[in-house]
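Colleague: Sequence and predicted model, in that order:
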2 protein chains.
Amino acid sequence: MNAAFIIFDQMTALDFVGFYDPLTRLKSMDFMPNFHWQICSFCEDVSDTQDLRFDPDSFKQPLHDFDLLVIPGGYGSRSLQHNDEFISWIKTAAPVPLKASVCSGSLLLGAAGFLKGKRATTHPKAYDELARYCGEVSDQRVVDEGDIVTARGVTSSIDLGLHLVERLAGKDVCSEIATQMDYPYYSS
Amino acid sequence: MNAAFIIFDQMTALDFVGFYDPLTRLKSMDFMPNFHWQICSFCEDVSDTQDLRFDPDSFKQPLHDFDLLVIPGGYGSRSLQHNDEFISWIKTAAPVPLKASVCSGSLLLGAAGFLKGKRATTHPKAYDELARYCGEVSDQRVVDEGDIVTARGVTSSIDLGLHLVERLAGKDVCSEIATQMDYPYYSS
């Protein structure tokens, strides 16, 4: 299992770290020793909106060979959704069987055409903006459409990560990871 | 208001980013334009337990002039609590009027002597280890003893951040920030 965790300049750090924590515990807690991930970016320099720097493992690498892709949101997504080069790169993820987003990250999946006809969600303040890209905007915290899973605002990244853990490794593993994270709020 | 956000090698990324998000919104959402922070480390190279790198703004800088100090937990804290050089550095925060920790970060505040006679909390798996440092171990998600606030496991970092926001800027600001973070679980 090889996951691509996308980062981009002017992302929200918690959108990224929220799903990163539970998913990487699949490996660190020995539930899926073969769970590997790569932090993928389109540019070399990535900071969150408050200048906290994040180092990518690769940049401009095509995404088609991954088994899972997760993309956070944040202020940078507002312009990146209209950036043809960036969206062409995201489109290389078309064959990835499971793609997920947090917050305004769904605008990027949407701009790549991955949400057509599907239910999806985003930060409540971006519902109108998301509507152009998807079949139906939902206000659920996590919306699972099979090959595409979208999560609502910032902290719903934790729920998304746990939802993906549950899909990949089952309810019991998800429950053990949520307990280790001291997160009593997840419901499947 | 100058805050020191402590990072250390082998910390848990979400322990740090969980409080960083709501606290930095005091500035980014214009509630406290004079809220400044510095990411402080005792060593130059800092990664979380899964090799995600974090860049400090300063290292080995004495901590006594800050108004607020927040320290995360993580695997590295288990040995750092016995590292005299590191704990001497944390002790330079003695005059800081508000000190806070997440998860096993309380072992570091404890080793510096800041928890003597006080109620405190940590990750449920570290309750026994914390007992030697404090007056009483509590299982509350956030324990506020005035000048010292400790939070329980990993995700309680978000609750700690919102609790500190509420102390610094009031309930209404806290509520607006929690809404922007899409976090419906905080209760003061």
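Modeller: Here it is on my side, so go on. If you're wondering where the values come from, they're calculated on a predicted model, not measured in any experiment.
Colleague: Just checking, which helix or strand of chain A averages the lowest pLDDT?
Modeller: Ranked by mean pLDDT, DSSP states H and E, the weakest helix or strand in chain A is strand A:58-59, scoring a mean of 95.
Colleague: do that strand and chain B meet?
Modeller: No. Strand A:58-59 lies apart from chain B when judged by Cβ under 8 Å from any Cβ of the partner chain; the minimum separation is 14.1 Å. Heads up, the C-betas are built off the backbone N, CA and C, glycines and all.
Colleague: for stretch A:16-33, same thing?
Modeller: Yes. Using Cβ under 8 Å from any Cβ, stretch A:16-33 reaches chain B at A:17-18, A:20-21, A:24, A:27-28.
Colleague: List only buried entries from those residues.
Modeller: A:17-18, A:20-21, A:24, A:27 (16 or more other Cβ atoms under 10 Å in any protein chain shown).
Colleague: Next, give me the two most distant ones among those residues.
Modeller: Using Cβ to Cβ, these span at most 17.3 Å, a distance reached by A:Gly18 and A:Lys27.
Colleague: would you turn the buried ones among the residues of stretch A:16-33 next to chain B into JSON lines with pLDDT?
Modeller: Putting those into JSON lines (pLDDT from 0 to 100) gives the following:
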{"residue": "A:Val17", "pLDDT": "98"}
{"residue": "A:Gly18", "pLDDT": "98"}
{"residue": "A:Tyr20", "pLDDT": "98"}
{"residue": "A:Asp21", "pLDDT": "98"}
{"residue": "A:Thr24", "pLDDT": "98"}
{"residue": "A:Lys27", "pLDDT": "98"}
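Colleague: So which of those belong to helices?
Modeller: A:17-18, A:20-21, A:24, A:27 (DSSP state H).
Colleague: For chain A, what lies in contact range of chain B?
Modeller: Residues of chain A lying close to chain B (Cβ under 8 Å from any Cβ) are A:12-14, A:17-18, A:20-21, A:24, A:27-28, A:39, A:49-50, A:52-55, A:103, A:123-124, A:141, A:152-156, A:158, A:180-183, A:185.
Colleague: Mark which of the residues you listed are buried, thanks.
Modeller: Counted by 16+ other Cβ under 10 Å, the residues of chain A next to chain B give A:12-14, A:17-18, A:20-21, A:24, A:27, A:39, A:49-50, A:52, A:54-55, A:103, A:123, A:141, A:152-156, A:158, A:180-183 as buried.
Colleague: so A:Gln140 touches A:Thr150, yeah?
Modeller: No. If you go by Cβ atoms under 8 Å, A:Gln140 and A:Thr150 don't touch, sitting 9.1 Å apart.
Colleague: on that earlier part again, and the residues of stretch A:16-33 next to chain B, which two are furthest apart?
Modeller: Distances among the residues of stretch A:16-33 next to chain B were taken as Cβ to Cβ; the most separated pair is A:Gly18 and A:Lys27, at 17.3 Å.
Colleague: End to end on stretch A:178-188, go ahead and measure it.
Modeller: Distance between the two ends of stretch A:178-188: 12 Å, counting by Cα to Cα, to the nearest Å.
Colleague: quick one on the thing from earlier: what do A:Gln140 and A:Thr150 both touch?
Modeller: Residues touching both A:Gln140 and A:Thr150 (Cβ atoms under 8 Å, 6 or more residues apart in numbering or on different chains) are A:Thr121.
Colleague: Helices of chain A, residue ranges please.
Modeller: Using DSSP H, helices in chain A cover A:13-28, A:77-80, A:84-91, A:105-111, A:127-131, A:156-169, A:171-180.
Colleague: Distance to A:Glu145 added to these, as a markdown table?
Modeller: Below are the helices of chain A laid out as a markdown table (distance: least, Cβ to Cβ, whole Å):
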| stretch | distance to A:Glu145 |
| --- | --- |
| helix A:13-28 | 17 |
| helix A:77-80 | 20 |
| helix A:84-91 | 17 |
| helix A:105-111 | 11 |
| helix A:127-131 | 13 |
| helix A:156-169 | 12 |
| helix A:171-180 | 19 |
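Colleague: right, so of those, which gets closest to A:Ile71?
Modeller: Closest among the helices of chain A, using Cβ to Cβ: helix A:105-111, at 4.1 Å.
Colleague: Check what contacts that closest one and list those residues.
Modeller: Defining contact as Cβ under 8 Å, 6+ apart, one finds that helix A:105-111 is touched by A:6, A:15, A:71-74, A:77-78, A:80-82, A:86-87, A:90, A:99, A:101, A:115, A:120-122, A:126, A:129-130, A:132-134, A:148, A:150.
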